[in-house]
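Asker: please find the sequence and the predicted model below.
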Amino acid sequence: MATATRPTRKPAKIKPSSGLPGALRCRRKFLRFFPGGFEDETYRDWERDYKWEAHERWNATLSRETFSDLIRRGDYGEAARRAVTLESRTNLLFSFEKMALRDAVRSTGGARVLAEGLYRFLHGAGSDERRFNAWRETLEALPRRQTRVFTWPVATVFGFIAQPERHMFLKPNVIRTAAATYGVEFRYQPRPQWSVYRELLDLADRVRSDVRDLGPRDLIDIQSFLWVQGSEEYRGRTFRPAQTKRVRFAVA
């Protein structure tokens with residue numbers, strides 16, 4: 001039975017609570033492309049659904065219980081393979097980063113380093129800072145063939161897919177542009193480190209508060225909002241094309 005299409009409801013116009021002039025401009029730009037806010041059908045098609053589907057696949061194939069069982073059995077290769085494969089079906093990383101990850105876990109040692117480190121990052125004890133610092137050490141310890149694995153997108157992509165209510169994805173150029181446009185200082189450093197990630201989460205919290213009336217569900221919505229501000233895809237475009245469905249999946 002066909003499902004009726006819900007009419008697009010335009011969000012009420014409010015002033016962002018942060019009071020930053022850039023916040024209002026960013027809100028207007030987002031709504032220019034997606035008048036229905038985070039419930040806009042084009043927004044879901046272009047920006048949200050493929051990320052949420054990646055999260056659902058993660059829960060189905062590498063939940064905490066499944067991940068723990070693989071680690072307990074010493075099946076590090078399978079745990080690492082699942083994580084890398086789940087990411088590979090999105091376009092979140094550049095092709096050279098995907099290749100570097102695949103190369104890093106080809107060996108039994110590399111697979112074990114990634115699997116154990118990623119499990120501790122997602123499900124281990126301790127503060128967010130402690131787990132993030134341990135995770136960055138994991139990435140630095142991975143084998144490297146040609147391209148380095150220790151980049152911001154690689155450091156943040158697995159947390160973003162697995163726990164989008166908790167973790168944020170960082171594409172450096174996009175986030176730096178978005179933060180500057182928003183009017184927030186973002187003290188970026190090219191090597192992943194906690195202080196920068198903490199500022200990213202603070203930026204996400206500020207944006208989430210400013211767009212709370214649009215009903216953001218998680219950090220997928222916040223990352224998408226910032227992507228619209230900083231990505232070349234949306235730069236200089238003043239209209240909302242509705243005729244094209246965006247393809248967001250890469251070949252696994």
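Answerer: Right, received. Where do you want to start? Numbers count the residues shown, from 1 in each chain.
Asker: ok, and the closest non-adjacent residue to the residue positioned nearest the centre of the chain?
Answerer: Averaging the C-alpha coordinates of the chain gives a centre point, and the residue nearest to it by Cα atoms, centre = their mean is Phe169 (3.2 Å). Nearest in space to Phe169, with sequence neighbours left out and distances taken as Cβ to Cβ, 6 or more residues apart in numbering, is Phe160 at 3.9 Å. Placement of C-beta: from N, CA and C, glycine included.
Asker: so which helix or strand takes in the one you found?
Answerer: Using DSSP states H and E, Phe160 falls within helix 152-162.
Asker: immediately after that helix, which helix or strand?
Answerer: Following the chain from helix 152-162 toward its C-terminal end, the next helix or strand by DSSP H and E is helix 172-182.
Asker: ok now that following helix, how far from the chain's centre?
Answerer: Distance of helix 172-182 from its chain centroid, counting by Cα atoms, centre = their mean, to the nearest Å, is 15 Å.
Asker: check stretch 48-67 too.
Answerer: Relative to the chain's own centre, stretch 48-67 is displaced by 13 Å; criterion: Cα atoms, centre = their mean.
Asker: quick one, helices of the protein?
Answerer: For the chain, the helices defined by DSSP state H cover 21-33, 41-43, 49-61, 64-72, 76-88, 95-104, 108-123, 128-141, 152-162, 172-182, 194-210, 219-230.
Asker: surely Arg176 and Glu185 touch.
Answerer: No - Arg176 is not in contact with Glu185 according to Cβ atoms under 8 Å; the separation is 10.7 Å.
Asker: those two: which is more packed in?
Answerer: Summary of the neighbour comparison: Arg176 and Glu185, criterion other Cβ atoms under 10 Å, with Arg176 having more neighbours (14 against 9).
Asker: tell me who's in contact with the more buried one.
Answerer: Neighbour list for Arg176: Phe186, Tyr188, Gly230 [criterion: Cβ atoms under 8 Å, 6 or more residues apart in numbering].
Asker: can you list those in JSON lines and add neighbour count?
Answerer: What follows is these, written out as JSON lines (neighbours: other Cβ atoms under 10 Å):
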{"residue": "Phe186", "neighbour count": "18"}
{"residue": "Tyr188", "neighbour count": "15"}
{"residue": "Gly230", "neighbour count": "22"}
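Asker: which one of the residues you listed is nearest Pro216?
Answerer: When these are compared for distance to Pro216 (Cβ to Cβ), Gly230 comes out closest, at 17.2 Å.
Asker: could you export the helices of the chain as CSV, including mean pLDDT?
Answerer: Shown next, in CSV, are these (pLDDT from 0 to 100):
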stretch, mean pLDDT
helix 21-33, 94
helix 41-43, 97
helix 49-61, 97
helix 64-72, 98
helix 76-88, 97
helix 95-104, 94
helix 108-123, 98
helix 128-141, 97
helix 152-162, 98
helix 172-182, 97
helix 194-210, 97
helix 219-230, 98
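Asker: from Glu65, how far off is the residue nearest to Glu165 when sequence neighbours are not counted?
Answerer: Nearest residue to Glu165, sequence neighbours excluded (Cβ to Cβ, 6+ apart): Asp218, at 4.7 Å. Distance of Asp218 to Glu65, given as Cβ to Cβ, to the nearest Å: 21 Å.
Asker: show me which of those two is the more surrounded one.
Answerer: Comparing Asp218 with Glu65 by other Cβ under 10 Å, the one with more neighbours is Asp218, at 18 against 9.
Asker: for that one, give its distance to His55.
Answerer: Distance, Asp218 to His55, by Cβ to Cβ: 9 Å.
Asker: now do the shared contacts for the two.
Answerer: Among the neighbours of Asp218, those also in contact with His55 (Cβ under 8 Å, 6+ apart) are Pro164.
Asker: re the thing from before, for the residue nearest to the centre of the chain, give me its contacts.
Answerer: With contacts defined as Cβ under 8 Å, 6+ apart, the neighbours of Phe169 are Leu92, Pro153, Thr156, Val157, Phe160, Leu219, Gln223.
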